[in-house]
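Enquirer: The amino acid sequence is not available; the structure is as follows:
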């Protein structure tokens, strides 16, 4: 993984308030590839939150997080070996909705006709792609392409 960073403005220092401010724009990308900007744009970031009394403040944007996670997914090839089995036993016995052909026939019509009624089903999830990671103050999102 490589990190390309740039400084938008010269650092500022205020001796009276004992503050040092430095704005850095960072972009992660896989080794040996060209830089690709994430799907979100780099926002104007604050230097200091005046309502907070903390001496050290760090602000991270979607731009950095999106490029970091996208690069991690590509650099570690997480999608090449990401196969997960969801066993039918994960649903407690007696729960009204079971992982069986009868329940899944609601989503995939024809399962009961092909495999019979109330047959247990283990589901395999294959992760094909993970993109567009976004983190906000109270929410995170991610686009995933899954095989079922």
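Expert: Structure's in. What do you need? Every value quoted in this text rests on a predicted model; they were computed, and no experiment measured them.
Enquirer: C-alpha from now on. contacts and neighbour counts both.
Expert: OK.
Enquirer: So residue 125: helix, strand or coil?
Expert: Classification of residue 125 using DSSP: H, G, I helix; E, B strand; the rest coil returns strand.
Enquirer: how far away is it from residue 112?
Expert: Computed as Cα to Cα, to the nearest Å, the residue 125 to residue 112 distance reads 21 Å.
Enquirer: who has more neighbours, those two?
Expert: residue 112 (18 against 14; other Cα atoms under 10 Å).
Enquirer: Next up, the contacts around the nearest residue to the more buried one once chain neighbours are set aside.
Expert: Spatial nearest neighbour of residue 112, excluding adjacent residues (Cα to Cα, 6 or more residues apart in numbering): residue 101 at 5.5 Å. Residue 101 makes contact with 111, 112, 115, 116, 117, 118, 119, 120, 121, according to Cα atoms under 8 Å, 6 or more residues apart in numbering.
Enquirer: Can you flag the buried ones in those residues?
Expert: 111, 112, 118, 120, 121 (16 or more other Cα atoms under 10 Å).
Enquirer: Can you flag which of the residues you listed belong to helices?
Expert: Counted as lying in helices by DSSP state H, out of the buried ones among the contacts of residue 101, are 111, 112.
Enquirer: Include pLDDT when you put the buried ones among the contacts of residue 101 into TSV, please.
Expert: TSV is the format used below for the buried ones among the contacts of residue 101 (pLDDT from 0 to 100):
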residue	pLDDT
111	93
112	96
118	93
120	94
121	94
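Enquirer: Reformat the buried ones among the contacts of residue 101 as JSON lines; add distance to residue 143.
Expert: Shown next, in JSON lines, are the buried ones among the contacts of residue 101 (distance: Cα to Cα, whole Å):
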{"residue": "111", "distance to residue 143": "28"}
{"residue": "112", "distance to residue 143": "31"}
{"residue": "118", "distance to residue 143": "32"}
{"residue": "120", "distance to residue 143": "29"}
{"residue": "121", "distance to residue 143": "26"}
